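Undergrad: sequence and predicted structure, then a few things I'm wondering about:
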Amino acid sequence: MSTVNKKQELIFNKNEDEMKLKVSALGRKMETIALGGGKKKIEKHHAKGKMTARERVDALLDEGANRIEIGGFAGYGMYEEHGGCPSAGVVVVMGYVSGKQCIVVANDATVKAGAWFPITGKKNLRAQEIAMENKIPIIYLVDSAGVFLPMQDEIFPDKENFGRIFRNNAVMSSMGITQIAAVMGSCVAGGAYLPIMSDESLIVDKTGSIFLAGSYLVKAAIGENIDNETLGGATTHTEISGVCDYKSPDDATCLKTIRDIMDKIGSTEKAGFDRKKAAKPKLEEQEIYGIFPEERNTPYQTLSIIERLVDNSEFTEYKEGYGKTITCGYARIDGWAVGIVANNREVIKSKKGEIQFGGVIYSDSADKAARFIMNCNQKKVPLVFLQDVSGFMVGSRSEHGGIIKDGAKLVSAMANSVVPKFTVILGNSYGAGNYAMCGKAYDPRLIVGWPTAQVAVMGGAQAAKVLLQIEVASKKAKGEALTEKEEKDLFNRVKAKYDEQTTPLYAASRIWLDDIIDPLDTRKWVSMGIEAANNAPIEKPYNVGVMQT
């Protein structure tokens, strides 16, 4: 074996080991998160005859069928002063119930009795957004004490707060989207509207309860003495008030009834995205671990990643010889036709002898990607964005060449897409590159990151250098100067802060990402996402409006 081949093998093995370590570390974190409020809280929950949120989801979903968890890392590292909020206190999963694809939302009552933190509201709204965009059923497994009162000002009154949930209930009903609510624990105050605003509601006897105000508040407000069960238990709401449609003796029966209801739902009109028989990549998927570099700035050929994600490793590349820092082309993922737009991380030498840096968007690559996106909309082909982008090229040559105009063309073409978009952040996702490559602000149906993902305005070292230059200039203008130690301390302090805020965990905890995934789960996420999107026919023509050409 040549020295070059040995070196390449060593680099491959090092990359592979690093990716496996990252995937394994995330798995361990998720195991802890899945315990919710902890083992003691789970034991108390079981003592009441109740399943935990995750046990309920497992019992409801079809055994052995694919599923993806949305926002599993939501709330990670947040609200530590209040004891934390693992998985935002609510479990959200896209899966199948009686063969029907749907979203399941289950409050985790082991976390502060299922109370709503600000991130809980954001995660619930994300679940509803997915159901609304894709017109798929949503099932609520309710067990919540309502708003977390110490933070009520951050969860109660604003447009994207708690009340938006019930607005969405009403809108989804008008859209004909099936909503089923099962009250399996507390359902109080404003949250009490959710069951009756759903199409059908169930309640578990003795453990489920619904009321605008509990017995203590009723006593304080109007002087009435009444217990919670009589006030708003299962018998009251199925035999007296008529709020609920089904009374179940226990959690298992309640979940079986939901499965029976879902089994009877008829099919809906489809969007018509093309699907053939699925095929695995011919090239080994696991090799992605070794191909993707440990060092963020190391060049690599993005095509080698694509060929290990798509069916039969077949990729029809668009404008292969032009705008090479973005790779575009047609392929299939799990049988679904897709258009892929990916940042190419190779260092490229143009025919003019100019060097183009991989992962940077130039005028020609922006123009190419914009045209390809238009073609996919014309052909009704879903778009998959693979991000590893440092941003747009800067400097006089780029500015004089119209980089802003070409970048705007790309953003306009992407933002106005009527076909569904799916975004996977492999590595860097910096600055305007995040926007142009369909970041969270541009409505991807699903957006995930690999363990190597970073989302920020710029990298930590870059940001530290910029801020250091600003501080030095500011001091100089005042006739002052930073010592070498002060400069070094400032640089390290800013870099450390940026580095923390660019991690995939930081992004996923705030639901900038729907999840951090094992690269080997990429095909499953894209396939389930397109299957969901196929339930929502395209209702408007593609129109990009005014574009500078």
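TA: Alright, I've got the coordinates. Not measured: the values here are computed from a predicted model. Residues are numbered from 1 along each chain as shown.

Undergrad: remind me which residues of the protein are low pLDDT?
TA: Segments of the chain classed as low confidence (criterion: pLDDT under 70) are 1-4, 190, 350-353, 400, 547-549.

Undergrad: most distant residue from the middle of it?
TA: Counting by Cα atoms, centre = their mean, the extreme residue of the chain relative to its mean C-alpha position is residue 479, 48.9 Å from that point.

Undergrad: three-state assignment of that residue?
TA: Here residue 479 takes the coil state, with states given by DSSP: H, G, I helix; E, B strand; the rest coil.

Undergrad: enumerate every residue touching residue 139.
TA: 60, 97, 102, 103, 104, 105, 179, 180, 181, 182, 258, 262 (Cβ atoms under 8 Å, 6 or more residues apart in numbering). C-beta: built from backbone N, CA, C; applies to glycine.

Undergrad: measure the spatially closest residue to the second one that is not a sequence neighbour to residue 254 for me?
TA: In space, and not counting its chain neighbours, residue 97 is closest to residue 262: 4.5 Å by Cβ to Cβ, 6 or more residues apart in numbering. In this structure, residue 262 and residue 254 are separated by 13 Å, where distance is defined by Cβ to Cβ, to the nearest Å.

Undergrad: neighbour count winner among the two?
TA: Residue environment comparison for residue 262 versus residue 254 gives the larger neighbour count to residue 254, 26 against 20, counting by other Cβ atoms under 10 Å.

Undergrad: wait, doesn't that one sit right on residue 244?
TA: No: counting by Cβ atoms under 8 Å, no contact exists between residue 254 and residue 244, whose distance comes to 10.7 Å.

Undergrad: overlap of the contact sets of the two?
TA: Any residue near both residue 254 and residue 244 by Cβ under 8 Å, 6+ apart counts here, and that gives 202, 203.

Undergrad: would you map the strands across the stretch 101-250 of the chain?
TA: Secondary structure of the stretch 101-250 of the chain (DSSP state E, counting those that start in this stretch): strands located at 138-144, 179-188, 200-204, 209-211, 246-248.

Undergrad: which one of those lies nearest to residue 301?
TA: Minimum separation from residue 301 across the strands of the stretch 101-250 of the chain (Cβ to Cβ) falls at strand 138-144, 40.9 Å.

Undergrad: just the CA atoms of that closest one, as CSV, please.
TA: Included here for strand 138-144 are C-alpha records, laid out as CSV according to Å, rounded to 0.1, in the frame of the first residue of the first chain:
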residue,chain,number,x,y,z
ILE,A,138,-52.6,14.9,15.1
ILE,A,139,-53.3,13.1,18.3
TYR,A,140,-52.9,14.8,21.7
LEU,A,141,-52.3,12.6,24.8
VAL,A,142,-53.0,15.3,27.5
ASP,A,143,-51.6,15.1,31.0
SER,A,144,-50.6,18.7,32.0
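
Undergrad: partners of it, with directions?
TA: Within its sheet, strand 138-144 is paired with strand 100-107 (parallel), strand 179-188 (parallel), according to DSSP bridges.

Undergrad: in TSV: those strands, plus mean neighbour count.
TA: As requested, those are arranged in TSV below (neighbours: other Cβ atoms under 10 Å):
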stretch	mean neighbour count
strand 100-107	24
strand 179-188	26
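
Undergrad: do you know which of the ones you listed lies nearest residue 321?
TA: It's strand 100-107; of the strands paired with strand 138-144, that one is closest to residue 321 (Cβ to Cβ) at 40.4 Å.

Undergrad: longest single helix anywhere in this structure?
TA: What stands out as the longest helix in the chain, according to DSSP state H, is helix 3-33.

Undergrad: for it, enumerate the helices and strands it packs against.
TA: Other elements packing on helix 3-33 under the criterion 3 or more Cβ pairs under 8 Å, 6 or more residues apart in numbering; DSSP states H and E are helix 288-291.

Undergrad: buried sites along the next helix or strand after the helix it packs on?
TA: Counting by DSSP states H and E, the element after helix 288-291 in chain order, helix or strand, is helix 302-306. Judged by neighbour count (16 or more other Cβ atoms under 10 Å), helix 302-306 contains these buried residues: 302, 303, 305, 306.
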